[in-house]
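[1] got a structure for you, letters missing:
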């Protein structure tokens, strides 16, 4: 594994507990009326989360730049690395109301939303498959990623928001995927 990949693995692993820490502090210090001064622990949790997220994004951008310079990966991988986050962001914004986003007057347009959600699931899987830039997929963690997103959507009774569950599990799946990637690389001669 390269230094960039090790850094990405470490940062993706650190981001998960920091997210839950910030979420816990936000709920614990919830101030509905805005009368109270924010707690120090809440501010620290946000700073840690945003700082680690910024480091992750900087590392990701450096990874892409180094990949362009080294020409180690093919055009398809580089294109997916560059356009994947953009397509995921735009798709998430468009499908913010899920698969059944139109009201009763325009219910016939829900088919477009359903197709959009299914396309987003495909985008997440393609992005995840090529995340490590290898032609060999990280199959076990990708299977766990898909099963986890589907299971969460079904337990929450929200299959029309399944693309959001794919988004929520992307970072934990990347952290787990790096374990499988490391074990695959270790077995290679």
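    Right, received. Where do you want to start? The model shown is predicted, which means the values in this text are computed figures rather than measured ones. Residues are numbered from 1 along each chain as shown.
[2] Skip the chain neighbours and tell me the closest residue to the residue nearest the centre of the chain.
    For the chain, the residue nearest the mean C-alpha position is residue 170 (3.2 Å; C-alpha atoms, centre = their mean). Once flanking residues are discounted, residue 170 sits nearest to residue 124: 6.6 Å by C-beta to C-beta, 6 or more residues apart in numbering. Bear in mind the C-beta positions are built from the backbone N, C-alpha and C, glycine included.
[3] Quickly find the element holding that neighbour.
    Per DSSP states H and E, residue 124 falls inside helix 110-129.
[4] And that helix, how far out from the chain middle?
    Helix 110-129 sits 14 Å away from the centroid of its parent chain (C-alpha atoms, centre = their mean, to the nearest Å).
[5] Equivalent analysis for stretch 47-57, please.
    Counting by C-alpha atoms, centre = their mean, stretch 47-57 is centred 14 Å from the centre of its parent chain.
[6] can you start the count at 56 instead of 1 from here on
    Sure, I'll start numbering at 56, so the last one becomes stretch 102-112.
[7] got the contact list for it?
    Contact partners of stretch 102-112, identified using C-beta atoms under 8 Å, 6 or more residues apart in numbering, comprise 63, 66-67, 69-70, 73-74, 76-77.
[8] ditto for stretch 231-244
    The contact list for stretch 231-244 (C-beta under 8 Å, 6+ apart) reads 56, 60, 63-64, 67, 183, 186-187, 189, 191, 193, 195-197, 199-200.
[9] Stretch 74-92 now?
    93-94, 96-97, 100-101, 103-104.
[10] repeat for stretch 203-213
    153, 214, 216-217, 220-221, 223-224, 228.
[11] Filter the residues you listed down to the buried ones, PyMOL style.
    To isolate the buried members of these in PyMOL, using 16 or more other C-beta atoms under 10 Å:
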select buried, resi 153+216+217+220+221+224+228
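[12] For the contacts of stretch 203-213, give me a markdown table that also has distance to residue 239.
    Output for the contacts of stretch 203-213, formatted as a markdown table (distance: C-beta to C-beta, whole Å):
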| residue | distance to residue 239 |
| --- | --- |
| 153 | 36 |
| 214 | 32 |
| 216 | 33 |
| 217 | 28 |
| 220 | 26 |
| 221 | 23 |
| 223 | 26 |
| 224 | 21 |
| 228 | 16 |
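[13] before we move on, the earlier item: tell me who's in contact with the residue nearest to the centre of the chain.
    Neighbours of residue 225 in contact, by C-beta under 8 Å, 6+ apart: 179, 183, 200.
[14] Buried residues, the lengthiest helix in the chain. List them.
    Longest helix in the chain, counting residues (DSSP state H): helix 95-125. Within helix 95-125, the residues that qualify as buried are 97, 100-101, 103-104, 107-108, 110-111, 114-115, 118-119, 122, counting by 16+ other C-beta under 10 Å.
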